[in-house]
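In: Dropping the sequence and predicted coords here.
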Amino acid sequence: MPILNRIAEFQNDMTTWRRHLHEMPELGMECYETAKFVAARLRDFGVDEIHEGIASSGLVAIINGQGDGPTIGLRADMDALPMQEETGLPYASKIDGRMHACGHDGHTTMLLGAARYLAETRNFAGRVALIFQPAEENGGGAQVMVNEGILDTYDIGSVYALHNAPGTPVGHFYTTPGPIMAAVDTFSITVTGVGGHGAYPQDTIDPIIAAASMIQAVQTIVSRNHRTFDDLVVSVTQIHSGSADNIIPATAWINGTVRTFDKDVQAMVRKRLPEIIQGQAASFGVTVEIDYEIGYPATINSPDEAGFAANVAVEIAGEANVEPDGGREMGAEDFAYMLEHRPGAYLFVGNGDTAGVHHPAYDFDDKTATSGASFFARLVERAQPIAS
């Protein structure tokens, strides 16, 4: 695989960085120790500016190239997940209930590898803005960084990001022009009836029966209320009720997720879901409270930038190992907020035959780091070449 030779020489260092980060996972906006480690490495590399404390624990670092030119933004997420690791690895998480189960330790390492190379070579015009972001998994750190003005403050003209892909061979890349990741909304429904003794259901208004019917009924939004050509997922993921086998409870609680690409489809779900729930509630004599929360928007690649990024990936991995139109995914990604304000692209890089992300046995493949770092570095050199 034709990765950059100089970055290949960083392999051992990058593995050490990544495994150190893996041992110390942090959640949400509170990635302070991770950011401290990142800033220390960037100072070692000799970057020109480091701006800390953005979105609580995020940072932006600047590397100046040779001569005038635009500023290209490269983003890595830093946060972990609130789950117990089950890998048994010698560098497994040292913090109970926290784990780098999505590879953000690897994403941070890839950007650090690219930063080291770019600070050494400076074979580009303009500037690079290295964006190390907290709270991708929950909290919308990208939106917070955008709202705090990083795109304007550092004059960032375009933005790019990578995510590892278990099940795809190490070093392979894929992306797609236009929508690549879905918008994500969340709904919760509190169903209130009248509780009582399980032996005398006639004296109760059973919220469990009502909730069960509601769960089945909302599936008709997908099967009967939208065009089959429009991607849509409506999943009920939690139902909680009751405390004993002989008690009919007074309340039940339902939670779920909605994934869409099209705003009209999203609006249809927001309209139909409460209509269906209210109708079911009336039929069972219960009352309901419905909370529908708009989450991350769809991640939409700029077609020109996605095509350009795919061509850069071909330089790194070879044409046979790059899918420039690899299709959409129903997962969500808060990098969408940056792409709402700047042209750019989001790509996946293969992580090999590993457990899937958000799985307790997942681990980032350290060989992937050199591929990602090489991509980021070559992207900058091709996007902002030095004037001859």
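Out: Looks like it arrived, so ask away. Residues are numbered from 1 along each chain as shown.
In: how long is stretch 131-149 from one end to the other?
Out: Separation of the first and last residues of stretch 131-149 by Cα to Cα, to the nearest Å is 13 Å.
In: Just list the residues touching Ile386, thanks.
Out: Under the criterion of Cβ atoms under 8 Å, 6 or more residues apart in numbering, the neighbours of Ile386 are Gly65, Gln66, Gly67, Asn123, Phe124, Ala125. (C-beta placed from N, C-alpha, C; glycine too.)
In: switch the cut-off to 10 Å
Out: By Cβ atoms under 10 Å, 6 or more residues apart in numbering, the contact set of Ile386 is Gly65, Gln66, Gly67, Gly69, Arg122, Asn123, Phe124, Ala125, Gly126.
In: among those residues, who's most crowded?
Out: Counting by other Cβ atoms under 10 Å, Phe124 has the largest number of neighbours within those, with 24 neighbours.
In: My read is that it contacts Phe376, right?
Out: No: the criterion here is Cβ atoms under 10 Å, and Phe124 misses it with Phe376 at 11.6 Å.
In: what residues are shared contacts of the two?
Out: Applying Cβ under 10 Å, 6+ apart, one finds that Phe124 and Phe376 are jointly contacted by Ile72, Leu118.
In: re the thing from before, which of the contacts of Ile386 fall in strands?
Out: Residues of the contacts of Ile386 located in strands (DSSP state E): none.
In: Using TSV, lay out these together with distance to Pro166.
Out: Below are those laid out as TSV (distance: Cβ to Cβ, whole Å):
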residue	distance to Pro166
Gly65	34
Gln66	38
Gly67	41
Gly69	36
Arg122	34
Asn123	33
Phe124	32
Ala125	36
Gly126	35
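In: Now render these as JSON lines, adding distance to Ile50 and pLDDT.
Out: Formatted as JSON lines, these follow (distance: Cβ to Cβ, whole Å; pLDDT from 0 to 100):
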{"residue": "Gly65", "distance to Ile50": "17", "pLDDT": "98"}
{"residue": "Gln66", "distance to Ile50": "21", "pLDDT": "97"}
{"residue": "Gly67", "distance to Ile50": "23", "pLDDT": "94"}
{"residue": "Gly69", "distance to Ile50": "21", "pLDDT": "97"}
{"residue": "Arg122", "distance to Ile50": "17", "pLDDT": "98"}
{"residue": "Asn123", "distance to Ile50": "21", "pLDDT": "97"}
{"residue": "Phe124", "distance to Ile50": "19", "pLDDT": "98"}
{"residue": "Ala125", "distance to Ile50": "22", "pLDDT": "98"}
{"residue": "Gly126", "distance to Ile50": "18", "pLDDT": "98"}
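In: And these, which is closest to Ile221?
Out: Nearest to Ile221 among the contacts of Ile386: Gly126, at 47.3 Å, using Cβ to Cβ.
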